[in-house]
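1. generate coordinates for the sequence data below:
(one chain, ligands or ions: 1)
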Amino acid sequence: MANVLRNSAKFGFSGVLSQLSIHSRHGRECVSPCFSLQQRNNSTSPKIKVDLDSSTGVAVLRMQSPPVNSLSLDFLTEFCINLEKLEMDRSCRGLIITSTLSKVFSAGLDIMEMYGKSPERCGEFWKAVQEMWLKLYGSNMATIAAINGSSPAGGCLMSIGCDYRIMVDNPRYSIGLNETQLGIVAPFWFKDTLVNTVGNRAAELSLELGLLYSAPDALKIGLVDQLVPEDQVLSTAQDTMSKWLAIPDHARQIDQCVYIIYNTSPLPLDHARQMDQCVISVCIYYI
Ligand SMILES: CCCCCCCCCCC/C=C/C(=O)SCCNC(=O)CCNC(=O)[C@H](O)C(C)(C)COP(=O)(O)OP(=O)(O)OC[C@H]1O[C@@H](n2cnc3c(N)ncnc32)[C@H](O)[C@@H]1OP(=O)(O)O
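-> Residues are numbered from 1 along each chain as shown. Predicted coordinates for the structure are as follows:
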């Protein structure tokens, strides 16, 4: 996938380059004058709510799909559309992702999407999962996950697809790529993203044993960057975001791009898709 990521390298770099030459996100002076006053651009859709504060350039994306914000095809489609809109909005430089549900950030991929569906539907679903990750991990915005509940499997992928993770300091909330415990296997690009977050050995143990970490343990291995009390998760994310946005966007973006290119498996896109297919087929065989 990292020629998924070489591709993302392509869109990343060209994105960065076009930003440098056409419309740097950094500096209020580059923002259209009609956005110079504090302005909220709100959009509400059934599963996701986005509030963009154009005066700070920070959007808060709230996942609001009860009971557990599972990543169904509909959810992922909405998520990607919202991300794309924000990505194209020059007044938006930072994105905070959080949940409106108590106790759950996201339960990961919707299990019902993986059961008894046609091959076409499965293909569409899987493409949407890949798309979500590509859009998030390759985003030009600074991204922070404000993890205010449990975040297993695909929920963890979404979190580690962000630049920074702040989790509520509650030992009952857990996070991790627990796929093997379910008898399925995390695709290699989940692995790459985890390795880039916690390092090789921790990722190896974590993936093979399908470990779910309590919030304090997740901090210990670097799976999250900071723990805060429940009522401070969003304000801390906002404060942290202002530090990220103090860095010129082009410098942060190029740095991130170089990091991703040198730290992900060098496979062509087709090969990556085939590998996903192979993993999925083997999982289906054993389920
Ligand atoms: C395309 C073909 C696929 C082929 C197969 C191979 C695929 C390989 C891919 C590998 C990558 C997979 C990534 C994933 O993300 S798999 C999903 C893994 N998710 C989990 O293991 C989370 C399971 N859920 C929980 O642990 C808990 O629900 C949670 C801690 C999140 C919340 O606990 P809480 O006690 O608050 O809530 P409940 O457990 O009572 O759940 C409430 C209701 O929500 C339903 N639920 C839970 N999780 C999911 C889910 N992932 N998808 C859909 N629905 C979910 C649960 O059943 C309850 O429903 P009911 O109230 O109706 O009983």
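
2. which parts of this structure sit against the ligand?
-> 67-68, 70, 103-104, 107-112, 114, 122, 125-126, 150, 152-154, 178-179, 182, 184, 186, 280, 283-284 (C-beta under 6 Å from any ligand atom). The C-beta positions use only the backbone N, C-alpha and C, and glycine is treated the same way.

3. could you rerun that using 5 Å?
-> When proximity is defined as C-beta under 5 Å from any ligand atom, the chain approaches the ligand at 67-68, 70, 104, 107-111, 114, 122, 126, 150, 152-154, 179, 184, 280, 283.

4. so how do I select the buried members of these in PyMOL?
-> Remark: buried members of those, expressed as a PyMOL selection using 16 or more other C-beta atoms under 10 Å:
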select buried, resi 68+70+104+107+108+109+110+114+122+126+150+152+153+154+179+184+280+283
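
5. quick one: which of the residues of the chain next to the ligand sit in strands?
-> Counting by DSSP state E, the residues of the chain next to the ligand place Val104, Ser150, Pro152 in strands.

6. now pLDDT and distance to Ser214 too, for the residues you listed, in TSV please.
-> Formatted as TSV, those follow (pLDDT from 0 to 100; distance: C-beta to C-beta, whole Å):
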residue	pLDDT	distance to Ser214
Val104	98	15
Ser150	98	10
Pro152	98	12
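
7. of all those residues, which comes closest to Ser55?
-> Of all these, the one with the least separation from Ser55 (C-beta to C-beta) is Val104, at 30.9 Å.

8. can I assume that closest one is in contact with Ser65?
-> No. Using C-beta atoms under 8 Å, Val104 is not in contact with Ser65, being 10.0 Å away.

9. only the buried residues of stretch 217-227, if you could.
-> Neighbour-count burial for stretch 217-227, counted by 16+ other C-beta under 10 Å, picks out Asp217, Ala218, Leu219, Ile221, Leu223, Val224, Asp225, Leu227.

10. could I have the one helix or strand the second one maps to exported to CSV, CA atoms only?
-> Spelled out, it's Ala218. Element membership of Ala218, judged by DSSP states H and E, is helix 215-221. Taking Å, rounded to 0.1, in the frame of the first residue of the first chain, the C-alpha atoms of helix 215-221 are listed here in CSV:
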residue,chain,number,x,y,z
ALA,A,215,-5.7,4.0,27.9
PRO,A,216,-2.7,4.0,30.3
ASP,A,217,-1.0,1.0,28.6
ALA,A,218,-1.6,2.6,25.2
LEU,A,219,0.3,5.7,26.4
LYS,A,220,3.1,3.5,27.7
ILE,A,221,3.8,2.0,24.3
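
11. immediately after that helix, which helix or strand?
-> Helix 215-221 is succeeded, C-terminally, by strand 226-228 (DSSP H and E).

12. which is the succeeding secondary structure element to that following strand?
-> Note on strand 226-228: by DSSP H and E, the next helix or strand toward the C-terminus is helix 233-245.

13. which elements pack onto that next one?
-> Helix 233-245 makes packing contacts with strand 58-63, strand 94-99, strand 142-147, strand 164-168, strand 226-228 when contacts are defined by 3 or more C-beta pairs under 8 Å, 6 or more residues apart in numbering; DSSP states H and E.

14. and of the ones you listed, who's closest to Phe79?
-> Across those (criterion: C-beta to C-beta), the nearest stretch is strand 58-63, sitting at 7.9 Å.

15. which residues touch that closest one?
-> By C-beta atoms under 8 Å, 6 or more residues apart in numbering, the list of residues contacting strand 58-63 from outside reads 47-53, 69, 75, 79, 82-83, 86, 92-101, 105-106, 141, 234, 238, 241, 245.

16. what do you get for stretch 102-109?
-> By C-beta under 8 Å, 6+ apart, stretch 102-109 touches 63, 67-71, 98-99, 129, 145, 147-159, 172-173, 175.
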